[in-house]
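Undergrad: Okay, structure incoming, though there's no sequence with it:
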């Protein structure tokens, strides 16, 4: 190993250490005092409930752990969006679990809470996964009700999705383990089966105070909407549980009896670990996002036996297209090659840039994977499409459009890993969030933006300077540097993988060593949903 490898390794492991510290903080939810108060009521926390429910010896992945990160500081913050979402296994069956975190504003719904719940339901719908709701929420966060209540992708969409999933035959089980009020009361009752925990769970459209104010009736919350009321009088719920553990064990028994599912038929054989050491990715990946490296060396540390068969190896070299296996699953890999490459014509092409030939190659490969029913894995480290007269005259817009068309119309499941840069139209062509990847995650080294912080800061600086000069201000060299640093720092914050994860532009920031698990569990989930339509690229001709 050379000195540069060691420096890269130190840098990337520091990024990983920072990720682990951030995750540890997020997992505290509303903080240790609120957790203690929650426990004093005889209740488990959202994360404890999920951990108890899921099979302990099977892997799980968390969706949206950083949702809401640094977004609602004026309102006291909203760690993980006030809701914990995990894909895991219950009695060997893959499920997605959604648990309100009542240590965060009593589990109230912020705008990002709604977005995260909708993302969980989207995953369940796309993959026909059973979904389990662990309800403990005070309902909409009233100070921000205008941003969560009335629009298409707001709170009400949750119940619409409940109805749609029911019609699709997707199992939905809800356990009311705390408050379940107002419009939120519809979620568990629109599920297939509902449980309620005695003494701590309650369901009502309006609580006792509001009932008193509205119609003058005096009644306590337990009599109004507790477990006995809904299991023995109203018939709203199906099972009464004596405590949290009893409710979760009942869910386990219900899931255990679900019949088998039709599969999509994706190819899988016995898994093999990579021959090359996966830990090497920390030394291969450069410290600077502008530096070159060989993406093939990263791929060798992700795929089974470190083996892959490259499609059109000598053509369109700034994109690597290859067949491989990940945890036994057959995959088609589309990856940005990040080293300077030489064409047969003797021309040099910059790594991380999509050229005409590489876009053409990727389009054809994506079509092949769709024809063969092979899931696609996109490894992003892309600065965008090549610009300039040569590319424009060669039809880069047309070739880029073909690639975007192929990605858009792909019917096999897609999975996106943002390893480094994810800039501009390159993000789109390499299956960014707008192109419906089943899962999209980022490594701590990732950057997502229209362009790099350095480039954007230079453009924004020129605009700022022009504005100040119009006002008659003198721009000294020191003043210019101060402006540039201020703009770049602001922009760099926005390109951070945590900024993207906070807004659920990605599903997670992950340890690179967990990449195989995410892809494998993602394909297993996708295998629940048979492909229902043929691949068709429309009017654009390849």
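TA: That came in fine, so what should we check first? Bear in mind that the values here come from a model prediction, so they are computed numbers and not experimental data.

Undergrad: neighbours of residue 36, just the number please.
TA: Other residues within reach of residue 36, judged by other Cβ atoms under 10 Å, total 10. In this view, the C-beta of every residue, glycine as well, is placed from N, C-alpha and C.

Undergrad: Please apply the same query to the one 4 residues further on.
TA: A count of nearby residues for residue 40, using other Cβ under 10 Å, gives 8.

Undergrad: can you map out the strands along the stretch 51-200 of the chain?
TA: Using DSSP state E, counting those that start in this stretch, the strands of the stretch 51-200 of the chain run over 61-63, 83-90, 93-100, 131-137, 172-181, 193-197.

Undergrad: Okay, now the unreliable bits of this protein?
TA: 1, 183, 453, 540-542 (pLDDT under 70).

Undergrad: which residues touch stretch 401-408?
TA: Residues from elsewhere that reach stretch 401-408 (Cβ atoms under 8 Å, 6 or more residues apart in numbering): 354, 359-360, 362-363, 366-367, 414, 425, 428-431, 435, 537-538, 540, 542.

Undergrad: Make TSV from the strands of the stretch 51-200 of the chain and add distance to residue 3 to it.
TA: Listed next are those as TSV, based on distance: least, Cβ to Cβ, whole Å:
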stretch	distance to residue 3
strand 61-63	35
strand 83-90	40
strand 93-100	44
strand 131-137	50
strand 172-181	54
strand 193-197	59
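
Undergrad: Quick one, which of these gets closest to residue 510.
TA: For residue 510, the closest of the strands of the stretch 51-200 of the chain is strand 61-63, at 8.1 Å, according to Cβ to Cβ.

Undergrad: what's that closest one packed up against?
TA: Contact here means 3 or more Cβ pairs under 8 Å, 6 or more residues apart in numbering; DSSP states H and E; on that basis strand 61-63 packs against strand 83-90, helix 111-127, strand 508-509, helix 515-526.

Undergrad: which one of those lies closest to residue 373?
TA: Closest to residue 373 of the helices and strands packed on strand 61-63 is helix 515-526 (Cβ to Cβ; 11.0 Å).

Undergrad: quick check: angle from that closest one to helix 111-127?
TA: Angular relation of helix 515-526 and helix 111-127 on a 0 to 180 degree scale: 60 degrees, by axes from the mean of the first three to the mean of the last three Cα atoms, to 10 degrees.

Undergrad: Determine the set of other helices and strands touching helix 515-526.
TA: Looks like helix 515-526 contacts strand 61-63, strand 93-100, helix 111-127, strand 319-326, strand 329-336, strand 414-423, strand 439-442 (3+ Cβ pairs under 8 Å, 6+ apart).

Undergrad: Turn these into CSV, including distance to residue 19 and mean neighbour count.
TA: What follows is the helices and strands packed on helix 515-526, written out as CSV (distance: least, Cβ to Cβ, whole Å; neighbours: other Cβ atoms under 10 Å):
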stretch, distance to residue 19, mean neighbour count
strand 61-63, 12, 22
strand 93-100, 22, 24
helix 111-127, 19, 22
strand 319-326, 22, 23
strand 329-336, 22, 25
strand 414-423, 14, 26
strand 439-442, 10, 26
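
Undergrad: Tabulate those in CSV, adding columns for distance to residue 311.
TA: Shown next, in CSV, are those (distance: least, Cβ to Cβ, whole Å):
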stretch, distance to residue 311
strand 61-63, 29
strand 93-100, 30
helix 111-127, 27
strand 319-326, 4
strand 329-336, 8
strand 414-423, 17
strand 439-442, 23
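
Undergrad: Looking at these, which is nearest to residue 254?
TA: Using Cβ to Cβ, the helices and strands packed on helix 515-526 put strand 93-100 closest to residue 254, at 10.6 Å.

Undergrad: can you give me the offset of that closest one from its chain's centre?
TA: 15 Å (Cα atoms, centre = their mean, to the nearest Å).

Undergrad: now swap in stretch 56-65 and tell me
TA: Computed by Cα atoms, centre = their mean, the chain-centroid distance of stretch 56-65 equals 13 Å.

Undergrad: Now do the buried residues in it.
TA: 60-65 (16 or more other Cβ atoms under 10 Å).

Undergrad: Between all of those residues, which two are separated the most?
TA: 60 and 64, at 13.8 Å, using Cβ to Cβ across the buried residues of stretch 56-65.

Undergrad: Compute the inter-axis angle for whatever helix or strand residue 35 lives in and strand 131-137.
TA: Residue 35 is part of helix 32-40 when elements are defined by DSSP states H and E. If you take the same axes, to 10 degrees, helix 32-40 sits at 100 degrees to strand 131-137.

Undergrad: same for helix 32-40, what does it pack against?
TA: Checked by 3+ Cβ pairs under 8 Å, 6+ apart, helix 32-40 has no helix or strand packed alongside it.

Undergrad: hmm, back to that, could you point out which of the strands of the stretch 51-200 of the chain sits nearest residue 465?
TA: Of these, nearest to residue 465 by Cβ to Cβ is strand 61-63, at 42.8 Å.

Undergrad: Show me what the closest one pairs with in its sheet, parallel or antiparallel.
TA: Strand pairing for strand 61-63, determined by DSSP bridges: strand 83-90 (antiparallel).

Undergrad: and the strand it pairs with, how far out from the chain's middle?
TA: Counting by Cα atoms, centre = their mean, strand 83-90 is centred 13 Å from the centre of its parent chain.

Undergrad: and the angle for that strand with strand 93-100?
TA: Per the same axes, to 10 degrees, the angle that strand 83-90 makes with strand 93-100 is 160 degrees.

Undergrad: For the closest residue to residue 322 other than its chain neighbours, the count of nearby residues, please.
TA: Leaving aside its chain neighbours, residue 322 sits nearest to residue 308 (4.2 Å; criterion: Cβ to Cβ, 6 or more residues apart in numbering). The number of residues packed near residue 308 is 21, by other Cβ under 10 Å.

Undergrad: again, but for residue 6
TA: Residue 6 has 12 neighbours, counted by other Cβ under 10 Å.

Undergrad: List the buried residues in whichever helix or strand it is part of.
TA: Per DSSP H and E: residue 6 is located in helix 3-26. For helix 3-26, a neighbour-count test (16+ other Cβ under 10 Å) marks 8-9, 11-12, 15-16, 19, 22-23, 26 as buried.

Undergrad: Then stretch 227-245?
TA: Buried-residue list, stretch 227-245, by 16+ other Cβ under 10 Å: 227, 229-231, 236-241, 244.

Undergrad: mind checking the end-to-end distance for that stretch?
TA: End-to-end span of stretch 227-245 (Cα to Cα, to the nearest Å): 16 Å.

Undergrad: sec struct for the residue sitting furthest away from the middle of the chain, please.
TA: Using Cα atoms, centre = their mean, the residue of the chain lying farthest from its centre is residue 472. It sits 47.4 Å away. Following DSSP: H, G, I helix; E, B strand; the rest coil, we place residue 472 in the coil state.

Undergrad: Residue 177 against residue 137, yeah?
TA: No - between residue 177 and residue 137 there is no contact under Cβ atoms under 8 Å: 9.9 Å.

Undergrad: Find residues that contact each of these two.
TA: Applying Cβ under 8 Å, 6+ apart, one finds that no residue jointly contacts residue 177 and residue 137.

Undergrad: quick revisit: which strands and helices lie in contact with the helix holding residue 6?
TA: Counting by 3+ Cβ pairs under 8 Å, 6+ apart, helix 3-26 packs on helix 281-284.

Undergrad: Which positions in the helix it packs on come out as buried?
TA: In helix 281-284, counting by 16+ other Cβ under 10 Å, buried: 281-284.
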